[in-house]
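Visitor: Show me the folded form of this:
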Amino acid sequence: MKPLLCQCALVLCCLTCSLAQPTVTVEGLLQEMVDMERLSVPPVPGLECDQQSSYDRASTAPDRPDWFANGDAGQFIRQEQHGERTEYVMAEMEGPGAILRLWSANPDGGGNVRIYIDDLETPALEEDFLALTSAALPQFPEPYSGRRSLGANLYFPFPYQNRCKVTVDRPNLYYHVGYRTYPQGTQVQPYSMELLPELRSTMDRVGAILLEPAEPFTISGARRYDNEVVIRPGQTSALRRLSGPSAIVRMELRVDVPPEQLFAALRECVLTISHAGEATPAVWAPLGDFFGSTPGLNVHESLPVGMLQDGLCYCNWFIPVPGPATVAIVNDSEDPVKLRLSCWLRPMHRSAEEWSPLLFRAKWRSEWLPEDPQFVDWPMLEATGPGRFVGVMQGVVNSQQVWWGEGDEKVWVDDDTFPSYFGTGSEDYYGYAWCSPLLFTHAYHNQSIVTGPGNFGYTAVARYHILDDIPYQGRMRFDIEKWAAAPREYCCTAFWYSAPGATDFFEPVPVDERRVRPLPERFRVKGALEGEKLEIARCTGGTTQIQGLWGDGFSDATHLWWLNPGEGDILETKVPVERAGRYRLVLGLTKSWDYGIHQPLVNGADVGEPVDLLAAAITPLRLDLGVHELQAGENLVGLRCVGTNPEAKPKNYMAGIDYILLEAE
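Guide: Here you go, the predicted structure:
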């Protein structure tokens, strides 16, 4: 790796100048996007970070029956008329503040997005929502903008002094708007498009770090210390005893064990960081989970932590050491573990009276969630403050053919009577969409493993709040919903900063309860040709992709998903037949709340009547198409879109082919 020391020095120099000014600027906020040290600064009273989203407004209180309602699209504050144009208000905030993040699952469903700042009648920004959040505009390139595993994201600051309003001109949108509110009296330089040319050099510097977050951009002025040890089963190795005031600004880990021992080594060995004067470690997490993924080594590069192809695990969190502290690793596995841990330590050159940082904390928990109750608010963090929540890695063992992530995130801060954050789905919180099993990596979020097929098996996702950290003064609770009935295991590593002596709800997990859970056999329809594995012969409209499914009865937990066809469009797959003859043909289809009406086709001919695939929930359909004379070699089986049910919400024409089954007569 090549250190980005010059870039780091420039960013830190600009940051120092920015912090000396009381005025919030776009440039200063851009610099915060890679400022790891800022996260350890105690938040001032009145500083908040919140989210407005399209969550189902039927969710009003935990003791109400609709708390887990799931109609999360098209929910707006109001609609307004601007001449002949209707605009739908997604978010409205009182300043001083700044928008920090936009996300959508269907940005093409928004049309133009407009950001109105302060008292201006003309939007400070007006762009096509899809282009803005998919890196299609030169003003907002990667890594600030991008479509990742179907989720559209924009991490870019839009500050405002008095108020802000965000609108779109189409109604069926899933969306998040994340923003920060400053204490009253804070001076803000409002965003305008005219500022972008003079910000280009800062955007380039910050963007270079975000594009290569594995580079050691934090190590200027730090000294490196290396430890190479073999830790025997049951042994604790104190790898580094530290004195303050100083800070760990980077750690690198290499684990040298046989491949068959890797799962156990990374889950059953625990990293701890303990500070004098605190009764419990500030950091207690399995090695792999601390470095951002589970189980095993899964390649991803995010700004705080990551794992590289060559097996290097890195950490860029700023870890204050105001006084004596110890870094240790406990080996609870059944085998010796050889590892090398490198720490970069920077002296702070300040007295204890001058420097009173928040302490960095990272802790892990897991739980097997049975079939009942169907809905659960599963806490990933409960802590006292003051502090800042800065991210979470969540691992899932999905033991059945069920989409695990329909549940929303809910963040309770201080005296909230309703969550400051109320999301639209677990994958939406992590910045992707539509249950997509596609892997992605970014400085702020990732999906580093999905064993599949679909979303079956092991999954690890993460999101890091570097620019959009969530400050709190008294307490914080972060829940993620377990939604739907199927059993699964959740685990998480929560990352946050809090004052010395602050408390949390974590307890050390015995090794018997944290071993990686083996996966059961998946359900498959015997003899079926899986739809997601068939070659597509023709698709005249819309797009296709492989999607994981939830619910019993789906073969191999996956189907061939046909998105956004129009009336008259045809999707045909190539079905191989070894010998010519008469075959009973069974078509396994998917039904859902926004699916269309489709005519089955066999070798270009209509078979039976059109099938309405509308259903209140995602369910399988076994459709017997009767007996057909099929030729040896390739035959064509597919669908023609003929319309949609008026009850479909939103109005779509989608379909899914789960499998095709041929039974010789």
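Visitor: Can you name the next helix or strand after the lowest-mean-pLDDT helix or strand in the chain?
Guide: When the helices and strands of the chain are scored by mean pLDDT, DSSP states H and E, helix 5-19 comes last with a mean of 40. Proceeding N to C from helix 5-19, the next assigned helix or strand is helix 26-32, under DSSP states H and E.
Visitor: hang on, Leu625 packs against Asn603?
Guide: No - in terms of C-beta atoms under 8 Å, Leu625 does not count as a neighbour of Asn603; the distance is 11.5 Å. Backbone N, C-alpha and C define where each C-beta goes, glycine included.
Visitor: got any ranges where the stretch 501-650 of the chain has weak pLDDT?
Guide: 550-551 (pLDDT under 70).
Visitor: what are the ranges of the helices in it?
Guide: 511-514 (DSSP state H, counting those that start in this stretch).
Visitor: which one is the spatially most central residue of the chain nearest to, not counting chain neighbours?
Guide: What sits nearest the mean C-alpha location of the chain, by C-alpha atoms, centre = their mean, is Tyr430, with 1.3 Å. Take Tyr430 and drop its neighbours on the chain: the residue closest to it by C-beta to C-beta, 6 or more residues apart in numbering is Val461, 4.3 Å away.
Visitor: which element is the one you found on?
Guide: With DSSP H and E as criterion, Val461 is part of strand 457-464.
Visitor: right, and the helix or strand after that strand?
Guide: strand 470-472.
Visitor: which strands and helices sit next to that next one?
Guide: strand 48-53, strand 387-398, strand 409-413 (3 or more C-beta pairs under 8 Å, 6 or more residues apart in numbering; DSSP states H and E).
Visitor: just the CA coordinates of the shortest one, formatted as CSV?
Guide: Read that as strand 409-413. The C-alpha coordinates for strand 409-413 follow below in CSV (Å, rounded to 0.1, in the frame of the first residue of the first chain):
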residue,chain,number,x,y,z
GLU,A,409,-34.0,0.7,11.9
LYS,A,410,-35.3,2.8,14.9
VAL,A,411,-33.0,5.1,16.8
TRP,A,412,-34.0,6.6,20.1
VAL,A,413,-32.0,9.6,21.3
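Visitor: Tell me where the stretch 351-500 of the chain has strands.
Guide: 359-369, 376-384, 387-398, 409-413, 421-422, 440-441, 445-450, 457-464, 470-472, 475-482, 488-498 (DSSP state E, counting those that start in this stretch).
Visitor: so can I have TSV of the ones you listed showing distance to Thr60?
Guide: Supplementary listing: the strands of the stretch 351-500 of the chain in TSV, determined by distance: least, C-beta to C-beta, whole Å:
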stretch	distance to Thr60
strand 359-369	24
strand 376-384	14
strand 387-398	24
strand 409-413	13
strand 421-422	11
strand 440-441	34
strand 445-450	29
strand 457-464	26
strand 470-472	22
strand 475-482	15
strand 488-498	25
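Visitor: got CSV for those strands, with mean neighbour count too?
Guide: Listed next are the strands of the stretch 351-500 of the chain as CSV, based on neighbours: other C-beta atoms under 10 Å:
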stretch, mean neighbour count
strand 359-369, 21
strand 376-384, 19
strand 387-398, 25
strand 409-413, 23
strand 421-422, 22
strand 440-441, 20
strand 445-450, 26
strand 457-464, 23
strand 470-472, 25
strand 475-482, 22
strand 488-498, 24
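Visitor: Output those as CSV; include the columns mean pLDDT and distance to Glu142.
Guide: As requested, the strands of the stretch 351-500 of the chain are exported to CSV (pLDDT from 0 to 100; distance: least, C-beta to C-beta, whole Å):
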stretch, mean pLDDT, distance to Glu142
strand 359-369, 97, 28
strand 376-384, 97, 29
strand 387-398, 97, 21
strand 409-413, 98, 25
strand 421-422, 96, 25
strand 440-441, 98, 12
strand 445-450, 97, 14
strand 457-464, 97, 17
strand 470-472, 98, 25
strand 475-482, 97, 28
strand 488-498, 97, 24
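Visitor: what residues go with each domain of this structure?
Guide: The record's domain parsing of the chain by automatic domain parsing lists 5-32+73-211, 223-514, 529-664.
Visitor: coming back round to it: quick one: the strand holding Val461 to chain centroid distance?
Guide: Taking C-alpha atoms, centre = their mean, to the nearest Å, the mean C-alpha location of strand 457-464 is offset from the chain mean by 7 Å.
Visitor: The nearest residue to Ser243 once chain neighbours are set aside and Arg224, how far apart?
Guide: Nearest residue to Ser243, sequence neighbours excluded (C-beta to C-beta, 6+ apart): Pro324, at 5.7 Å. Noted for Pro324: a distance of 20 Å to Arg224, by C-beta to C-beta, to the nearest Å.
Visitor: wait, doesn't the residue nearest to the centre of the chain sit right on Gln447?
Guide: Yes - counting by C-beta under 8 Å, Gln447 is a contact partner of Tyr430 at 6.8 Å.
Visitor: and for those two, which residues touch both?
Guide: Residues touching both Tyr430 and Gln447 by C-beta atoms under 8 Å, 6 or more residues apart in numbering: Val461.
Visitor: Provide a list of residues in contact with the residue in the chain sticking out farthest from the centre.
Guide: The outermost residue of the chain, judged against the average C-alpha position, is Gly581 (49.4 Å), by C-alpha atoms, centre = their mean. Taking C-beta under 8 Å, 6+ apart, we find Gly581 in contact with 629-630, 664-665.
Visitor: Now restrict those residues to buried residues only.
Guide: Neighbour counting over the contacts of Gly581 (16 or more other C-beta atoms under 10 Å) leaves Leu630 as the buried ones.
Visitor: mind giving me TSV with the contacts of Gly581 and columns for distance to Val230?
Guide: Shown next, in TSV, are these (distance: C-beta to C-beta, whole Å):
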residue	distance to Val230
Glu629	68
Leu630	62
Ala664	60
Glu665	65
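Visitor: residues near Cys539, how many?
Guide: 16 (other C-beta atoms under 10 Å).
Visitor: Tell me the bridge partners for the closest residue to it other than its chain neighbours.
Guide: In this structure, Cys539 finds its nearest non-sequential neighbour in Leu571, 5.1 Å apart by C-beta to C-beta, 6+ apart. Here Leu571 shows beta-bridge partners Cys539, Leu639, assigned using DSSP bridges.
Visitor: measure Leu571 to Pro65 for me?
Guide: Distance from Leu571 to Pro65, counting by C-beta to C-beta: 39 Å.
Visitor: who's more crowded, those two?
Guide: With neighbours defined as other C-beta under 10 Å, Leu571 and Pro65 compare such that Leu571 has more, 24 against 9.
Visitor: Now Ala73: which helix or strand?
Guide: Going by DSSP H and E, Ala73 is not in any helix or strand.
Visitor: ok now do the spatially closest residue to it that is not a sequence neighbour, which residues does it touch?
Guide: If the residues on either side of it in the chain are set aside, Ala73 comes closest to Tyr174, at 5.0 Å by C-beta to C-beta, 6+ apart. With contacts defined as C-beta under 8 Å, 6+ apart, Tyr174 is in contact with 54, 72-73, 104-106, 109, 424, 428, 433.
Visitor: shouldn't Gly596 be in contact with Cys641?
Guide: Yes - the pair Gly596 / Cys641 is scored as a contact, 5.6 Å apart, by C-beta under 8 Å.
Visitor: Name the nearest residue to Leu534, ignoring sequence neighbours.
Guide: Using C-beta to C-beta, 6+ apart, the closest residue to Leu534 is Thr573 (4.0 Å).
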